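Novice: Need the 3D shape of this:
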Amino acid sequence: MKKRLIAEVLRGGQKDELVTIRGWARTKRELKEFAFLEANDGSSMANLQVVLHTDLPDYASVLKQLNTGASVEVSGVLVDSPAKGQRIELKASAVKVYGEADPESYPLQKKRHSFEFLRTIGHLRSRTNTLGAVFRVRNACAQAIHKFFYERGFIWVHTPIITASDCEGAGEMFAVTSLDLKNLPRTESQEIDYSQDFFGKKAFLTVSGQLEAEVMAMAFSNVYTFGPTFRAENSNTSRHLAEFWMVEPEMAFCDLKGDMDLAEAFLKYVFGFVLETCPEDIEFFNKRIDNTVLATADNIINNQFERVTYTEAIALLEKAKKKFEYPVEWGLDLQSEHERYLAEELFKKPAIVTDYPVGIKAFYMRLNDDAKTVAAMDVVAPKIGEIIGGSQREERLDILERRIQEAGLNLEDYWWYLDLRRYGTVEHAGFGLGFERLVQFMTGMANIRDVIPFPRTPLSIDF
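Specialist: Residues are numbered from 1 along each chain as shown. Model (predicted):
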């Protein structure tokens, strides 16, 4: 018999069709002459109901093994289901139990578990309805991202995970070393002698692939990265991870307007793709997690994003009849509460805030003619605040050198980055999007630790 995914069987299986499915037992219900088994293989939100009759070979023995969590293979024929809410069910002719699950110790039973508890069993939590739906949506998001850029002629580039560059200049980086920590080599001034380390200098886990993406954009015009990034930020919040994935397109011959246009088209495309690909999962989130999930998606897809400068945004916030926790003042960065007010209450749709003060943005952002602001942009959305951050990059060598020095960074560390401005410089722009933040936004999940399979946070690296 042909082995089928349960999602395929539920979607297109026909009466009298012979099929074999494999998965894990969710529930079992025993009656006098037959039993019902709900099986799930992770391919869909819905389970496939399996009917086991007493004439099944080794019926009693098989039934004893079929507890919640057991892995199973079932062969049989599809029949019309008299039960409400399901079109077909599988009448079993053969059942093979691969691995049993002790009902006394298996931690996932037929009840709701808190997300805090599920994080303590990270090796099993993907078998639940909610986490299963999260990771199917996460997969669809990833597919949409690649599809979006591929259709537009972008090259996917794999930027290094180990780097000597601090792209953001924030210093919150994980160090990478091969030195013996019990016997560190020292210089005459008793500092650690990194010349004896593997790379001959300090090395870190990357916080962004942007600088390397700029290198590739100077050869291929339009590129994007999609990979893991790291922040050694000791933050125990629902919005932060130490290891997360970033999407970072970089476009040569592109200014800030082109950057904004791409960011808006990108979000609309990804949301539309996921709604089309995972309708049952999104419906589940709208019903069980956050009843505004569908409205949020509609707001993204069917609205033209508002565009406003930082200076205009500050003026609007100062006029707001709302008490903010953080001060509103020109020169200070916008906080999440400010961003959400703009998107949720004022514009009631996503907005793109541009031209931030030079003092609060990274060295690589293009200095505007007023010398007070840079050509930066943040996409802010209802319910989450900033979802995308980007800018037109500084293509002028003299200004970039000055900005690097003003940021307290060493020019020699960026010699190759500066070379891009010496040899064929061109205006270029790009943005970054935290992938988990996007999945969180899409699903309505409250904690970012629940939208990545194995969250890395302070004092948490068990799985």
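Novice: how about the nearest residue to residue 239, chain neighbours excluded?
Specialist: If the residues on either side of it in the chain are set aside, residue 239 comes closest to residue 448, at 5.7 Å by C-beta to C-beta, 6 or more residues apart in numbering. Bear in mind the C-beta positions are built from the backbone N, C-alpha and C, glycine included.
Novice: close enough to count as contact, that neighbour and residue 435?
Specialist: No: the pair residue 448 / residue 435 is not scored as a contact, 10.4 Å apart, by C-beta atoms under 8 Å.
Novice: Find the residues that touch each one of these two.
Specialist: Common contact partners of residue 448 and residue 435 (C-beta atoms under 8 Å, 6 or more residues apart in numbering): residue 244.
Novice: Buried residues, stretch 309-317. List them.
Specialist: 310-311, 313-314, 316-317 (16 or more other C-beta atoms under 10 Å).
Novice: chain center to the helix or strand harbouring residue 338: distance?
Specialist: Using DSSP states H and E, residue 338 sits in helix 336-340. Remark: helix 336-340 is offset 21 Å from the chain centroid, using C-alpha atoms, centre = their mean, to the nearest Å.
Novice: Just the residues contacting the helix or strand following that helix, thanks.
Specialist: Where DSSP H and E defines the elements, the next helix or strand beyond helix 336-340 is strand 351-357. For strand 351-357, the surrounding residues in contact (C-beta under 8 Å, 6+ apart) are 256, 260, 263-264, 305-311, 313, 330-331, 333-334, 339, 342-343, 368, 372-381.
Novice: do that again at 6 Å, thanks
Specialist: 260, 305-310, 313, 331, 342-343, 373, 376-380 (C-beta atoms under 6 Å, 6 or more residues apart in numbering).
Novice: which SS class is the residue of the chain most remote from its centre?
Specialist: In the chain, residue 55 marks the outermost C-alpha relative to the chain mean, sitting 48.3 Å out by C-alpha atoms, centre = their mean. Assigned by DSSP: H, G, I helix; E, B strand; the rest coil, the conformation of residue 55 is coil.
Novice: For residue 33, see how far away it is.
Specialist: 9 Å (C-beta to C-beta, to the nearest Å).
Novice: could you pull out the helices for the stretch 101-250 of the chain?
Specialist: Ranges of helices within the stretch 101-250 of the chain are 115-119, 129-151, 210-220, based on DSSP state H, counting those that start in this stretch.
Novice: Present these as TSV; the columns should include mean neighbour count.
Specialist: Output for the helices of the stretch 101-250 of the chain, formatted as TSV (neighbours: other C-beta atoms under 10 Å):
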stretch	mean neighbour count
helix 115-119	15
helix 129-151	19
helix 210-220	21
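Novice: mind checking which of those is nearest residue 237?
Specialist: helix 115-119 (14.4 Å; C-beta to C-beta).
Novice: so how far is the closest one from its chain's centroid?
Specialist: 19 Å.
Novice: contacts for it?
Specialist: 125, 450.
Novice: Go again with 10 Å.
Specialist: Identification of contacts with helix 115-119 by C-beta atoms under 10 Å, 6 or more residues apart in numbering yields 107-108, 124-128, 130-131, 445-447, 449-450, 455, 457, 460, 462-463.
Novice: ok, of these, which come out buried?
Specialist: Buried among the contacts of helix 115-119 by 16+ other C-beta under 10 Å: 108, 124-125, 127-128, 130-131, 445, 449-450, 455, 457.
Novice: Specify the local secondary structure of residue 72.
Specialist: Look at residue 72: counting by three-state DSSP, its state is strand.
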